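Q: Structural data only, the sequence is not supplied:
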């Protein structure tokens, strides 16, 4: 006996791959007419959730639904997550965009209800610039970072992505170099970088001695300051220090924390405070002695100097500042340096 496939069966098959959503255009292509869609909606077999977008209520909701809905709401088959949202979903930055960012083709002129929580960008993307994240079309991370640089996203959030993405295999060394040059060009700084080892950084204008320092991972905070003086970005230095610390056997970790960073014009106060908080947190995490130097007054910020996610409060969104205040490790919070709970995590 031939199995009868109903309209709702056909729509459910589509919706299962789209977090429960199906567009009217997809329904029409599957042979389901407009009157049939209207009837299913009246009978509560479909829920209309946006202009031209329906949801099959039998499909369980997930935390990613809103991203798929944003893409489908555009009605553009080439639509994909982009910019701030792409940076967010790849989990390489503490970015927390207020809107969902979606890219569509330049020719699109979208004017429909329901887009209040979305930011649309117009760009003609090549197929190789788009991939899938959790089954949702999303620009590849290198393009997302470039988009954020062009869009004026705060540099500290982009630096987080540039530091974390290679550890997750989402950014090649040559891509990292190109993007850091783009970021530094935005801020008016000239950078000449080449890749290979030690985090991928050295300046060809350095002396041979400084190049060798830049290409090795700092074994302690004094070493870290010397790398800052050699011109390496502070977030690369910290990342390389953490990689080296985690690699060390337990018997050698204490020595890595004990040496106080020397005073230097290359070591800004916020970074000095960050070093102290990091040393204290690592000591607690690995059951080591907390170094005496971390409790010196110069390693604390006054209330009015408080930093949230490595930016002053006035430059931080209020909701993000509140989150950081709640989740910052105590070793950082007691210094008025509020960072994410996983600030020292390496992946």
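A: Received the coordinates, thanks. Note that the structure is a prediction, hence the values are computed from the model and not measured.

Q: for the helix or strand where residue 225 lies, the distance to its chain's centre please.
A: In this structure, residue 225 sits in helix 221-229 according to DSSP states H and E. Centroid displacement of helix 221-229 relative to its chain, using Cα atoms, centre = their mean, to the nearest Å, is 26 Å.

Q: Could you do stretch 175-187 as well?
A: 16 Å.

Q: just stretch 29-40 next, same as before
A: That offset, for stretch 29-40, works out to 40 Å (Cα atoms, centre = their mean).

Q: What number of residues are in the vicinity of residue 287?
A: Applying other Cβ atoms under 10 Å, we find 8 residues neighbouring residue 287. Yep, even glycine has a C-beta here, placed from its N, CA and C like the rest.

Q: Need the phi and psi values for it.
A: Main-chain dihedrals, residue 287, degrees, to the nearest 10: phi 60, psi 50.

Q: now do the same end-to-end measure for stretch 253-273.
A: One end of stretch 253-273 to the other measures 20 Å (Cα to Cα, to the nearest Å).

Q: Show the average pLDDT along it.
A: Stretch 253-273 shows a mean pLDDT of 91.

Q: likewise stretch 320-336?
A: 91.

Q: which parts of it are buried?
A: Buried residues in stretch 320-336, counted by 16 or more other Cβ atoms under 10 Å: 320-321, 323-324, 328-329, 331-333, 335-336.

Q: Counting neighbours, what do you get for residue 276?
A: Neighbours around residue 276, by other Cβ under 10 Å: 26.

Q: just to confirm, which helix or strand has it in it?
A: Going by DSSP H and E, residue 276 is part of helix 269-285.

Q: the helices in the stretch 201-347 of the chain, which residues?
A: With helices called from DSSP state H, counting those that start in this stretch, the stretch 201-347 of the chain shows them at 208-214, 221-229, 234-247, 250-258, 269-285, 318-327, 330-333.

Q: circling back to that earlier point, tell me which other helices or strands the helix holding residue 276 touches.
A: helix 221-229, helix 234-247, helix 250-258, helix 330-333, strand 337-338 (3 or more Cβ pairs under 8 Å, 6 or more residues apart in numbering; DSSP states H and E).

Q: just to revisit the earlier point, would you tell me which of the helices of the stretch 201-347 of the chain gets closest to residue 144?
A: Checking those against residue 144 by Cβ to Cβ gives helix 234-247 as the closest, at 18.0 Å.

Q: Show me what that closest one is packed up against.
A: Secondary elements touching helix 234-247 (3+ Cβ pairs under 8 Å, 6+ apart): helix 155-164, helix 221-229, helix 250-258, helix 269-285.

Q: nearest to residue 36, of those?
A: Nearest to residue 36, of the helices and strands packed on helix 234-247 and by Cβ to Cβ, is helix 155-164 at 45.7 Å.

Q: pretty sure residue 331 is touching residue 280, no?
A: Yes. Judged on Cβ atoms under 8 Å, residue 331 makes contact with residue 280 at a distance of 4.2 Å.

Q: circling back: tell me how far the helix holding residue 276 is from the chain's mean position?
A: Put simply, helix 269-285 sits 23 Å off its chain's centre (Cα atoms, centre = their mean).

Q: now stretch 280-288
A: With Cα atoms, centre = their mean, you get 26 Å for stretch 280-288.

Q: Can you list the buried residues in it?
A: 280-283, 288.

Q: any idea which of those residues is closest to residue 86?
A: Of all the buried residues of stretch 280-288, residue 86 sits closest to residue 281, with 30.1 Å by Cβ to Cβ.

Q: Pull the contacting residues for that closest one.
A: Going by Cβ atoms under 8 Å, 6 or more residues apart in numbering, residue 281 touches 329, 331-332, 344.

Q: run the last query once more with 7 Å
A: Contact analysis of residue 281 by Cβ atoms under 7 Å, 6 or more residues apart in numbering lists 329, 331, 344.

Q: same check, this time on residue 336
A: 301-303, 305-307.

Q: so how far is residue 295 from it?
A: 15 Å (Cβ to Cβ, to the nearest Å).

Q: By mean pLDDT, which helix or strand of this structure comes out lowest?
A: Ranked by mean pLDDT, DSSP states H and E, the helix or strand of the chain with the weakest confidence is helix 208-214, at a mean of 45.

Q: Can you get me a residue count around residue 132?
A: Using other Cβ under 10 Å: residue 132 sits among 9 other residues.

Q: The helix or strand hosting it: partners in the sheet, and parallel or antiparallel?
A: With secondary structure defined by DSSP H and E, residue 132 is part of strand 130-133. In the sheet, strand 130-133 lines up against strand 136-139 (antiparallel) (DSSP bridges).

Q: Much appreciated, bye for now.
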